[in-house]
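Novice: Sequence and predicted structure are below.
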Amino acid sequence: MTIRYNAPTTLTFTLICAIVLFLNALFPGLTANWFSVAGRGDFHAGSFRDWVCLFTHIFGHADINHFLSNFSFILLLGPILEANYGSGGMALMTVITALVTGLLNILLFPSGLMGASGIVFMMILLASFTNFNKGEIPLTFILVMLLYLGKEVFNAFRANNISEFGHIIGGLCGSIFGYLKPAKR
C-alpha cells in the first residue's frame, strides 16, 4: 500500500500554511508583516509587500487553533472539489478568492485580514454546487447559503476578532464559481 499525494492544491496549500505558522513561531511578526492584508487606509500602493499580501494573507494564521479550524474543513472538502474541478481550477479559485477578499478588505474595513476562512467558505458553497444542472438551483445550495452565510451576517454584529466579511465574500466567490463552472461529472 502506498501513500498518494491525492489532492495537490489542497495538500500544498495546507503545507504552506503549516510552514508559515511554524516560521512565525521562530520569527515573531512574520505573519503580521507578510501574511496579513492591511485594513482601509493602511494599504500603500507603492509598497511591494502590500501587493504581495493581497494574495498571501490566506497563508497566515493567528495560532494553531485558527489553523486547525480552517484546515479541518479544507482537508475534508478540498480533495472532493479537486476531483470535480481539477487541481488547477481549485488553485485559480483560491487565488481569485484571496485577491477579492483582500481588495475588498482594504477598501471597506479598517482592520487587517489573515487566514484561510474565506477559502473555507468558498469551498463550502462550491461543494453545494456539485450536483448542479443548468437552469436549476440545488436546494442544498440554498440551505447551505442560509445556514452558513446567515450565521456570518448575524455574527457580524458581535464584537470579535473574526472577519465575517471575509467568510461571506469567500462564500459568494464559491457560489459564483459553482454557478459559472459546473463540476465535471
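Specialist: That came through, no problem. A quick note: this is a predicted structure, and the numbers were derived from the prediction, not measured.

Novice: can you pull out the strands in the chain?
Specialist: Ranges of strands in the chain, per DSSP state E: none exist.

Novice: Determine which residue lies closest to the centroid of it.
Specialist: Nearest residue to the geometric centre of the chain (Cα atoms, centre = their mean): residue 119, 1.6 Å.

Novice: Now the helix or strand of the chain with the lowest mean pLDDT: buried residues?
Specialist: None of the helices or strands of the chain scores lower by mean pLDDT, DSSP states H and E than helix 150-155, at a mean of 72. By neighbour count on 16 or more other Cβ atoms under 10 Å, the buried set for helix 150-155 is residue 152. Where you see a C-beta, it was placed from the backbone N, CA and C, and this is true even at glycine.

Novice: How about residues contacting that helix?
Specialist: By Cβ atoms under 8 Å, 6 or more residues apart in numbering, the residues outside helix 150-155 that reach it are 121, 162, 164, 167-168, 171.

Novice: try 6 Å
Specialist: If you take Cβ atoms under 6 Å, 6 or more residues apart in numbering as the criterion, helix 150-155 is touched by 164, 167-168.

Novice: quick one: which of those is nearest residue 65?
Specialist: Nearest to residue 65 among the contacts of helix 150-155, counting by Cβ to Cβ, is residue 167 at 16.5 Å.

Novice: wait, that closest one sits on residue 117?
Specialist: Yes. Counting by Cβ atoms under 6 Å, residue 167 touches residue 117, with 5.4 Å between them.

Novice: So for residue 120, what's the nearest residue that isn't a sequence neighbour?
Specialist: residue 73 (4.6 Å; Cβ to Cβ, 6 or more residues apart in numbering).

Novice: and the gap between the one you found and residue 121?
Specialist: From residue 73 over to residue 121 the distance is 9 Å, taken as Cβ to Cβ, to the nearest Å.

Novice: So for those two, which sits in the more crowded spot?
Specialist: Applying other Cβ atoms under 10 Å to residue 73 and residue 121 shows that residue 121 carries more neighbours, namely 28 against 17.

Novice: In contact with the more buried one, which residues are there?
Specialist: Contact analysis of residue 121 by Cβ under 6 Å, 6+ apart lists 167, 170-171.

Novice: Next up, the contacts around residue 131.
Specialist: By Cβ under 6 Å, 6+ apart, the contact list for residue 131 reads residue 138.

Novice: what number of residues lie near the residue nearest to residue 57 when sequence neighbours are not counted?
Specialist: Of all residues not flanking residue 57 in the chain, residue 37 sits nearest, at 4.2 Å (Cβ to Cβ, 6+ apart). Residues near residue 37, counting by other Cβ under 10 Å, number 29.
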